[in-house]
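S.K.: got a predicted model here, sequence first, then my questions.
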Amino acid sequence: MNIEDLKAIAVFRPRGRIFDEFEIGEMIHHHWGRTVTEADAIQFTHLTLSYNPLYSNAEYARAHGHPGLVVNPHLVFNVILGLSVEDCSEGIAGPFLGVFDLTYHQPVYAGDTLTAQSVTTDKRVTDGDPNKGVITWYTEGFNQNGDRVIDFRRSNLSDFRAASMMRKGEW
């Protein structure tokens, strides 16, 4: 089978959801989770020039009451946000608008497995375009023991179903 044959039989399956498909109060348990390795922690710390010794010096971290390296909190945020993207904002044809009320509750260590869940907390039509809305979620991240390590609110712009269908040529 050649590439043209594959293209002819391929079925387009859009990913993500749009404004109309979210309900306020809906709880979304995000898939799988992610184990943060020591390599992840060290590489992220060095790539972002975050040279707090808690993130790169195990002896220093132990001397300050930690069992080992502390995972850079910015990496924790990126992992939890990333876990939520597929369910909340992937494919909704709108930009990320920001994060609010970000709180780190406790340290994460190399080897911890992080999971996430989000609740849709708000939906509203934008002031500037009646074909678009803003969706806000409250997202929490947990370690393998079920302890909350982070929480925040975030918002995205999204099309309504009619605008999305028009853009895809389905009307």
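M.R.: That came in fine, so what should we check first? Numbers count the residues shown, from 1 in each chain.

S.K.: what residues are bridge-paired with residue 28?
M.R.: Partner residues in beta bridges with residue 28, using DSSP bridges, are residue 118.

S.K.: which residues of the chain fall in strands?
M.R.: Using DSSP state E, the strands of the chain run over residues 27-29, 34-35, 96-104, 113-125, 132-142, 148-159.

S.K.: can you pull the contacts of the nearest residue in space to residue 125 that is not next to it in sequence?
M.R.: Among residues not flanking residue 125 along the chain, residue 133 sits closest, at 5.3 Å (Cβ to Cβ, 6 or more residues apart in numbering). All C-beta spots, glycine's among them, are computed from the backbone N, C-alpha and C. By Cβ atoms under 8 Å, 6 or more residues apart in numbering, the contact set of residue 133 is 19, 123, 124, 125, 126, 157, 158, 160.

S.K.: and the pLDDT at residue 133?
M.R.: With respect to pLDDT, residue 133 scores 91.

S.K.: what are the bridge partners for it, then?
M.R.: As for beta bridges, residue 133 partners with residue 125, residue 158 under DSSP bridges.

S.K.: go through the strands of the chain and name the closest to residue 11.
M.R.: Comparing the strands of the chain against residue 11 with Cβ to Cβ, the closest turns out to be strand 148-159 (21.8 Å).

S.K.: just the CA trace of that closest one, in CSV.
M.R.: The C-alpha coordinates for strand 148-159 follow below in CSV (Å, rounded to 0.1, in the frame of the first residue of the first chain):
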residue,chain,number,x,y,z
ARG,A,148,-1.7,17.5,46.4
VAL,A,149,1.5,19.1,45.2
ILE,A,150,0.2,22.0,43.0
ASP,A,151,-3.0,23.7,42.0
PHE,A,152,-3.9,26.6,39.7
ARG,A,153,-6.6,28.0,37.5
ARG,A,154,-6.1,28.5,33.7
SER,A,155,-8.1,29.8,30.8
ASN,A,156,-8.2,29.3,27.0
LEU,A,157,-10.1,31.0,24.2
SER,A,158,-12.3,28.6,22.3
ASP,A,159,-14.6,28.5,19.2
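
S.K.: return the set of buried residues in it.
M.R.: The neighbour-count check on strand 148-159 (16 or more other Cβ atoms under 10 Å) flags 149, 150, 151, 152, 153, 154, 155, 156, 157, 158, 159 as buried.
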